[in-house]
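Enquirer: take a look and give me a structure for this.
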Amino acid sequence: QVQLVNSGGGSVQAGGSLRLSCAVSGNTADRSYMGWFRQAPGKEREGVVFINPYDRPTYADSVKGRFTIYQDNARDNLYLQMNSLKPDDTAIYYCAADRINYGFWPQYRYWGQGTQVTVSS
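Expert: Next up, the predicted model:
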């Protein structure tokens, strides 16, 4: 079992920054692969970035150069630093984890509760 707790969302003007956090606990193997997803109203959940122990993070084209994923050394906290935010980034953001590498496919077994990010123009 893995537990994920999201925090750090909020409202910001376009061009601003936010940092999202995901506190992670539970079986280490079951959280080998982790990622951030988002879901805007009326849209499907989409992958933002995913990370694994063996390679560099993979970012969606829409956030490359603006968002950065990182973890603490113990891999107990996952962060998403979001800079140069745009109104199109408005969504509920979720962290996710699994022992299988699902990449941007939203089939991860474990999910955080989500946190709202609102970017105004």
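
Enquirer: for Ala23, which non-adjacent residue is closest in space?
Expert: Leaving aside its chain neighbours, Ala23 sits nearest to Val5 (4.5 Å; criterion: C-beta to C-beta, 6 or more residues apart in numbering). All C-beta spots, glycine's among them, are computed from the backbone N, C-alpha and C.

Enquirer: hmm, that neighbour is touching Cys22, no?
Expert: Yes - if you go by C-beta atoms under 8 Å, Val5 and Cys22 touch, sitting 6.9 Å apart.

Enquirer: the residue nearest to Ala23 - how many residues pack around it?
Expert: The number of residues packed around Val5, counting by other C-beta atoms under 10 Å, is 14.

Enquirer: got the contact list for it?
Expert: Val5 makes contact with 22-23, 112-113, according to C-beta atoms under 8 Å, 6 or more residues apart in numbering.

Enquirer: which of those residues fall within strands?
Expert: Mapping the contacts of Val5 onto strands (DSSP state E) picks out 22-23.

Enquirer: buried subset of the contacts of Val5 as a PyMOL selection?
Expert: Restricted to buried positions by 16 or more other C-beta atoms under 10 Å, the PyMOL selection for the contacts of Val5 reads:
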select buried, resi 22+112
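
Enquirer: dump the contacts of Val5 to CSV, plus distance to Tyr54 and pLDDT.
Expert: Formatted as CSV, the contacts of Val5 follow (distance: C-beta to C-beta, whole Å; pLDDT from 0 to 100):
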residue, distance to Tyr54, pLDDT
Cys22, 20, 97
Ala23, 23, 97
Gly112, 23, 97
Gln113, 28, 97
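
Enquirer: hmm, back to that, shared neighbours of Val5 and Cys22, anything?
Expert: Common neighbours of Val5 and Cys22, using C-beta under 8 Å, 6+ apart, are Gly112.
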